[in-house]
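Visitor: sequence-free structure coming up:
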């Protein structure tokens, strides 16, 4: 059993895996950037709350301890779900010289080890930044953080064993109903964005005007009072970190963790045995009838490409999900950028704010065109057998991506019109610019994917992330140029309106046609190289 645990940990964390080095580097850069942003937000929010609320460090720490404990519980539930109830290698592990019970225990140990690593990675930096801002850094406080990091995974792990069982059945239902799954994801994504935007708006109001919106202080005071109570598991963790009622906190965390963990393991063992047996015996069988597709080649390829997106979780969630929720995010981003911009630059920045915000979201949506070919994976040979020229196949796939981007754009523009953010000239310029930007991004993604197709078989059918990252960086760069142009030029050139409109249109026109021409003159050479 110990050998199996070491093998699994090596596969997860080992340094000798044959991973794409470029992908690993880009993932590391993205992770460092995300951590830096999160820690900066923690520091700023802590400073603002400390400045406005008469509150102790321990009480304020409950906000971050609760969030970390919640995040770890969600992550631990995913680990239990992926390794115990929905493993991709169950047919392989069934041949190992290990009993089902030993496999079950091994996976629990592996999950706890992994959760402990993330507990240290999340809790220690956040609490160090928090302690620095609250001026409570000391040797005793740092010792408390280390003890807290060791205790943090106990309750999330114990709770996740219980939570994973109903979640497993819910996920099975959602996989049979992808539309319901997508709707729930969009609602969740929009909700998270609204909450994140609210926090940023509060911080912006404070730093710009040195005041808060009416009722904000009372809301935060009630939130912190509710978190600093015996009903919150993070309350006892705070006791151990700050050495206040230390033994009470330690006893509750360890005692509750042992009791919940023992009960959860007892229940999960029977569920695990049933699920494992069902999977090994073939599970449920569904008869699926197919009929001859009588559509034309273009319509048939469009249907196939759209189904490929729905089949791939990454695309269906973060591609269609972002596209559908873009209008909501555009509204809140526009409002936030306008608040900050009017305070720093002055009135009349709605056009620049709208151009910047919508360009960024178009870049997010179109970044998935970087996998327009890679998404085929091991099925790439099918594109060689389909009686449709590969040029036309790529153009049809690109057309689908353009349509998704333009639908999100149309709804976003309708939102801006309804709220009267822009005048007719600004709206017309925005629409023309964004249409050319979407087309340029799609062709840029096709060109990039032809240069780096990465058609190796993928066990989970997911798209290669490195091209998505590259495309998002390119999209952000173009968006920054458009945003800067539409914000700065009206204030530095005469007849700023017409000049700004012309510059924005010219930038996207050049960007679009460069990528179209690159595609037109290089697609044959790149495709022959892939075939070879």
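Guide: That came through fine. Predicted model, so just to flag it, every value in this text is computed and none were measured. Numbers count the residues shown, from 1 in each chain.
Visitor: The nearest residue to residue 475 once chain neighbours are set aside sits in which helix or strand?
Guide: Nearest residue to residue 475 in three dimensions, chain neighbours excluded: residue 363, at 2.4 Å (C-beta to C-beta, 6 or more residues apart in numbering). (C-beta placed from N, C-alpha, C; glycine too.) Element membership for residue 363 (DSSP states H and E) is helix 350-366.
Visitor: Could you give the average pLDDT over that helix?
Guide: Mean per-residue pLDDT for helix 350-366: 82.
Visitor: and if you look at stretch 108-126?
Guide: For stretch 108-126, the per-residue pLDDT averages 88.
Visitor: again with stretch 432-447
Guide: For stretch 432-447, the mean per-residue pLDDT is 92.
Visitor: How many residues are close by the residue nearest to residue 475?
Guide: 23 (other C-beta atoms under 10 Å).
Visitor: That one touches residue 441, doesn't it?
Guide: Yes. Taking C-beta atoms under 8 Å as the definition, residue 363 is a contact partner of residue 441 at 6.5 Å.
Visitor: what sits in contact with each of those two?
Guide: Shared contacts of residue 363 and residue 441 (C-beta atoms under 8 Å, 6 or more residues apart in numbering): 471, 474-475, 478.
Visitor: Can you tell me the closest non-neighbouring residue to residue 508?
Guide: Nearest in space to residue 508, with sequence neighbours left out and distances taken as C-beta to C-beta, 6+ apart, is residue 436 at 4.0 Å.
Visitor: Spell out which residues sit in contact with the one you found, please.
Guide: Residues near residue 436 by C-beta under 8 Å, 6+ apart: 505, 508-509, 511-512.
Visitor: could the residues you listed go into CSV alongside pLDDT?
Guide: Converted to CSV, those look like this (pLDDT from 0 to 100):
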residue, pLDDT
505, 90
508, 93
509, 94
511, 93
512, 93
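Visitor: Any chance of a ChimeraX selection covering the buried ones in those?
Guide: The ChimeraX selection below is limited to those of these classed as buried (16 or more other C-beta atoms under 10 Å):
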select :508,511,512
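Visitor: could I get the contacts of residue 436 as JSON lines with secondary structure?
Guide: Shown next, in JSON lines, are the contacts of residue 436 (DSSP: H, G, I helix; E, B strand; the rest coil):
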{"residue": "505", "secondary structure": "helix"}
{"residue": "508", "secondary structure": "helix"}
{"residue": "509", "secondary structure": "helix"}
{"residue": "511", "secondary structure": "helix"}
{"residue": "512", "secondary structure": "helix"}
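Visitor: and which of the contacts of residue 436 is nearest residue 122?
Guide: Of all the contacts of residue 436, residue 511 has the smallest distance to residue 122: 39.3 Å, by C-beta to C-beta.
Visitor: what number of residues lie near the residue lying closest to the closest one once chain neighbours are set aside?
Guide: The shortest distance from residue 511 to any non-neighbouring residue, by C-beta to C-beta, 6+ apart, is to residue 440 (4.4 Å). Residue 440 has 24 neighbouring residues, counting by other C-beta under 10 Å.
Visitor: ditto for residue 70
Guide: By other C-beta under 10 Å, neighbour count at residue 70 equals 13.
Visitor: ok, now residue 507?
Guide: The number of residues packed near residue 507 is 19, by other C-beta under 10 Å.
Visitor: give the contact list for residue 59.
Guide: Here residue 59 is in contact with 224, 228 (C-beta under 8 Å, 6+ apart).
Visitor: how near is it to residue 223?
Guide: As judged by C-beta to C-beta, to the nearest Å, residue 59 and residue 223 stand 11 Å apart.
Visitor: Could you do residue 415 as well?
Guide: As judged by C-beta to C-beta, residue 415 and residue 223 stand 30 Å apart.
Visitor: Which residue of those two possesses the greater neighbour count?
Guide: A direct count of neighbours by other C-beta under 10 Å for residue 415 and residue 223 places residue 415 higher, at 16 against 13.
Visitor: which residue packs closest to the more buried one, ignoring adjacent ones?
Guide: Nearest to residue 415 is residue 327, by C-beta to C-beta, 6+ apart, at 5.0 Å.
Visitor: and the protein, what are its domains?
Guide: Per automatic domain parsing, the structural domains of the chain span 26-74+116-279, 297-531.
Visitor: where among those domains is the average confidence lowest?
Guide: For the domains of the chain, mean pLDDT drops lowest on domain 297-531, to a mean of 76.
Visitor: could you pull out the helices for the stretch 1-150 of the chain?
Guide: Using DSSP state H, counting those that start in this stretch, the helices found in the stretch 1-150 of the chain span residues 2-13, 21-52, 57-80, 90-93, 100-133, 139-151.
Visitor: Contacts for stretch 153-171 next, please.
Guide: In contact with stretch 153-171 (C-beta under 8 Å, 6+ apart) are residues 69, 72-73, 75-77, 79-81, 84-86, 108, 111-112, 115-116, 118-119, 233, 253-254, 256-261, 263-265, 267-268, 271, 275.
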